[in-house]
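Enquirer: Sequence first, then the predicted structure, then my questions.
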Amino acid sequence: MSFDDCETCLDPLVDGQGTCSADVEACLADATCEMWADCYDDCFNNDFTAACFNACDTMYPSASSLYTALVTCVCGGCSAPCAPMCM
């Protein structure tokens with residue numbers, strides 16, 4: 001799996017009126033969840049591994065209710081191409 005495959009799958013889910021866009025907005029409205037999202041973005045761009053994504057989750061446990069909803073939504077539609085973040 002590659003970042004490009006994952007991005008192609010998840011972009012329609014998280015952009016604009018996508019199925020997961022409300023979860024994205026809820027996360028970005030919370031400062032800690034936004035830091036988690038920045039960490040995930042770094043994983044997408046630099047270290048597309050489960051270890052990287054898991055480290056982000058571990059660093060920001062207080063936002064887990066927000067980001068768990070987002071990850072669950074994205075992984076519901078893109079579990080194969082986004083496998084490193086869906087483990």
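Expert: Cool, got the structure. Since the model is a prediction, treat every value here as computed from it, not as a measurement. Numbering: from 1, shown residues only.

Enquirer: how far away is the residue nearest the centre of the chain from residue 57?
Expert: The chain has residue 71 as the residue nearest its centroid, 5.1 Å off, counting by CA atoms, centre = their mean. Taking CB to CB, to the nearest Å as the measure, residue 71 falls 8 Å from residue 57. The way it works is simple: take the backbone N, C-alpha and C, and place the C-beta from them, glycine included.

Enquirer: For residue 79, give me its contacts.
Expert: Residues near residue 79 by CB atoms under 8 Å, 6 or more residues apart in numbering: residue 86.

Enquirer: Let's see the pLDDT reported for it.
Expert: On pLDDT, residue 79 comes in at 94.

Enquirer: ok, now residue 1?
Expert: pLDDT, residue 1: 61.

Enquirer: circling back: secondary structure element holding the residue nearest to the centre of the chain?
Expert: Per DSSP states H and E: residue 71 is located in helix 64-78.

Enquirer: Give me the helices and strands touching that helix, please.
Expert: Judged by 3 or more CB pairs under 8 Å, 6 or more residues apart in numbering; DSSP states H and E, the packing partners of helix 64-78 are helix 3-14, helix 21-28, helix 31-46, helix 83-86.

Enquirer: do that again at 10 Å, thanks
Expert: Helix 64-78 is packed against helix 3-14, helix 21-28, helix 31-46, helix 50-59, helix 83-86, with contacts defined by 3 or more CB pairs under 10 Å, 6 or more residues apart in numbering; DSSP states H and E.

Enquirer: Could you list the buried residues of it?
Expert: Residues of helix 64-78 classed as buried by neighbour count (16 or more other CB atoms under 10 Å): 66-67, 69-71, 73-75, 77-78.

Enquirer: same deal with stretch 77-87?
Expert: Buried residues in stretch 77-87, defined by neighbour count with 16+ other CB under 10 Å: 77-78, 81-82, 84-86.
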